[in-house]
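Student: what's the 3D shape of this:
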Amino acid sequence: MPVSDDLLGRRTEGETLDRLLTQAKTGSGQVLVLRGEAGIGKTALLDHVSSRASGFRVARAAGVESESAFPYAGLHQLCAPFLDRLDRLPAPQREALGTAFGMASGPRPTRFMVGLAVLTLLAEVADEQPLVCLVDDAQWLDSMSSAVLGFVARRLLAERIALVFVLREGNDHLDGLPELFVRGLDDSDARALLESVIKGPVDGRVRDRIMAEARGNPLALLELPRAWTTAELADGLDAGPLTSRIEQSFVRQIEPLPADTRLLMLTAAAEPLGE
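Tutor: Coordinates of the predicted model:
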């Protein structure tokens, strides 16, 4: 597999992920936790893995804050495409996983037995075709899913499976697993990204402020230029802190929407559980 350099400023991370896929394909189970602040590009790295996973079956899941109180919600996302293989599991494991997912009735299963069932299920899939499992926003996984996936991650050994998590802050169940901290872009790459999204002349003071405020964060570099009008970008007009200007740019994107749509968005924002 040739070395990838398709992500600006992420050659080292891309090489690490390419090696992970190569090793998993040869039967050496691989795990990696990508840590970093919001907007730093962790999901883009997951997309990179997915795009490079030639010959793999790809399964994706994401932690959802509003589902973090539901046991096994995140795990169900990941395993749902494979539940047609449930009858291939040993009976105790089949019953445990079926009960955890509400597919069967029975006593509450132990996390150990659910973990064994998920490990066996993923191994069954990987016997047919190498498997890469990508878990985004792992900081919002429910506790039971986190515990089971941490258990599985430590027992892949000779399976043709790669398991990649991304998260912002800590998740105790994933502590001790191999990890890579995703940092901001260096000045050269940050400037190149910024220039790729700014069309037209830009006052040097505005460019310098965006660079300083973004601190190499790719999302900030993409969003901050929208905080200025074309005239302000060119003339360097100072109109307050950049953080408030970003908020204003989002407001400008929402203002053209129909009133009913804006009301729905306001209602959704005001309801912390998204219900």
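Student: run me through the strand neighbours of the one helix or strand Cys133 maps to, direction for each.
Tutor: Assigned by DSSP states H and E, Cys133 belongs to strand 131-136. In the sheet containing strand 131-136, its partner strands are strand 57-62 (parallel), strand 161-167 (parallel), by DSSP bridges.
Student: helix or strand right after it?
Tutor: According to DSSP H and E, the helix or strand after strand 131-136 is helix 143-153.
Student: how close does the closest residue to Leu156 other than its chain neighbours sit to Leu131?
Tutor: Distances taken as CB to CB, 6 or more residues apart in numbering place Gly29 nearest to Leu156, at 2.6 Å, with adjacent residues excluded. C-beta here means a position set from N, CA and C on the backbone, and glycine is covered the same way. Using CB to CB, to the nearest Å, we find Gly29 at a distance of 10 Å from Leu131.
Student: residues contacting Arg215?
Tutor: Residues near Arg215 by CB atoms under 8 Å, 6 or more residues apart in numbering: Gly184.
Student: which pLDDT value goes with it?
Tutor: The per-residue pLDDT reported for Arg215 equals 87.
Student: does Val132 really touch Ile161, like I thought?
Tutor: Yes - using CB atoms under 8 Å, Val132 is in contact with Ile161, at 7.4 Å.
Student: circling back: overlap in contacts of Gly29 and Leu131?
Tutor: Common neighbours of Gly29 and Leu131 (CB under 8 Å, 6+ apart) are Arg160, Ile161, Ala162.
Student: ok, Ser28 to Leu221 distance?
Tutor: 36 Å.
Student: follow-up on the earlier one: residues near the residue nearest to Leu156, how many?
Tutor: If you count neighbours by other CB atoms under 10 Å, Gly29 ends up with 22.
Student: now swap in Ala44 and tell me
Tutor: Neighbours of Ala44 (other CB under 10 Å): 17.
Student: again, but for the one 4 residues further on
Tutor: For His48, the neighbour count with other CB under 10 Å is 19.
Student: secondary structure element for it?
Tutor: With DSSP H and E as the test, His48 turns up in helix 42-52.
Student: what is that helix packed up against?
Tutor: Other elements packing on helix 42-52 under the criterion 3 or more CB pairs under 8 Å, 6 or more residues apart in numbering; DSSP states H and E are helix 11-25, strand 30-35, strand 57-62, strand 131-136, strand 161-167.
Student: buried residues, it. List them.
Tutor: Of the residues in helix 42-52, those buried by neighbour count under the rule 16 or more other CB atoms under 10 Å are Lys42, Thr43, Ala44, Leu45, Leu46, Asp47, His48, Val49, Arg52.
Student: tell me the contacts of the fourth one?
Tutor: If I follow you right, that is Leu45. Leu7, Arg10, Glu13, Gly14, Leu17, Leu34, Val166, Val182.
Student: how about the top helix by length along the chain: buried residues?
Tutor: In the chain, with assignment by DSSP state H, the single longest helix is helix 111-128. Neighbour-count burial for helix 111-128, with 16+ other CB under 10 Å as criterion, is recorded at 111, 113-123, 125-126.
Student: taking strand 161-167 as reference, get the angle to that helix.
Tutor: 120 degrees (axes from the mean of the first three to the mean of the last three CA atoms, to 10 degrees).
Student: what's the angle from helix 111-128 to helix 143-153?
Tutor: 50 degrees.
Student: for helix 111-128, list the C-alpha coordinates in CSV.
Tutor: Extracted as CSV, the C-alpha positions of helix 111-128 are listed here (Å, rounded to 0.1, in the frame of the first residue of the first chain):
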residue,chain,number,x,y,z
ARG,A,111,-20.3,-7.3,30.4
PHE,A,112,-17.7,-10.1,30.2
MET,A,113,-20.0,-12.4,28.3
VAL,A,114,-21.2,-9.6,26.0
GLY,A,115,-17.6,-8.7,25.3
LEU,A,116,-16.8,-12.3,24.4
ALA,A,117,-19.8,-12.4,22.1
VAL,A,118,-18.8,-9.2,20.3
LEU,A,119,-15.2,-10.5,20.0
THR,A,120,-16.4,-13.7,18.5
LEU,A,121,-18.9,-12.0,16.2
LEU,A,122,-16.3,-9.6,14.8
ALA,A,123,-13.8,-12.5,14.4
GLU,A,124,-16.5,-14.3,12.4
VAL,A,125,-16.8,-11.4,10.0
ALA,A,126,-13.0,-11.0,9.7
ASP,A,127,-12.6,-14.6,8.8
GLU,A,128,-14.5,-13.9,5.6
